[in-house]
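Q: All I have is the shape, not the residue letters:
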């Protein structure tokens, strides 16, 4: 029971932290801000094109909307995985550094 509660709390923490990091990056990181802006521009162009072709290709608009949802989910999951691995790496590095310090003393 405790393990489940702690796991759920950690999952929520990771989700919230990744969201905070990406929100901050969209303001402070020029490369990320530029990539988001370019991605939004391309998606807007695709949506505009799909709307203009809706009579001939009605499935195109739905396909683009589905693609946007799937890529957004994929990017979010990738960010969470990367954050978790970074967290694990920091723990491992801290342990290795502590062991090295004990050896040198």
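A: On my side now, so go ahead. Since the structure is predicted, the reported quantities are computational estimates derived from the model, not experimental observations.

Q: Now do the helices for the chain: every range, in order, please.
A: In the chain, the helices defined using DSSP state H lie at 2-28, 30-52, 58-104.

Q: I'd like these as JSON lines, with mean neighbour count appended.
A: In short, each C-beta sits where N, CA and C put it, glycine included. Supplementary listing: the helices of the chain in JSON lines, determined by neighbours: other Cβ atoms under 10 Å:
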{"stretch": "helix 2-28", "mean neighbour count": "11"}
{"stretch": "helix 30-52", "mean neighbour count": "12"}
{"stretch": "helix 58-104", "mean neighbour count": "11"}
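
Q: how about CSV for those helices, with mean pLDDT added?
A: Converted to CSV, the helices of the chain look like this (pLDDT from 0 to 100):
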stretch, mean pLDDT
helix 2-28, 88
helix 30-52, 94
helix 58-104, 90
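
Q: Could I get the phi/psi values of residue 57?
A: phi -130, psi 70 (degrees, to the nearest 10).

Q: contacting residues for the nearest residue to it once chain neighbours are set aside?
A: Nearest residue to residue 57, sequence neighbours excluded (Cβ to Cβ, 6 or more residues apart in numbering): residue 50, at 7.5 Å. Each residue near residue 50 by Cβ atoms under 8 Å, 6 or more residues apart in numbering is listed here: 57, 60-61, 63-64.

Q: Right, I'll call it a day here.
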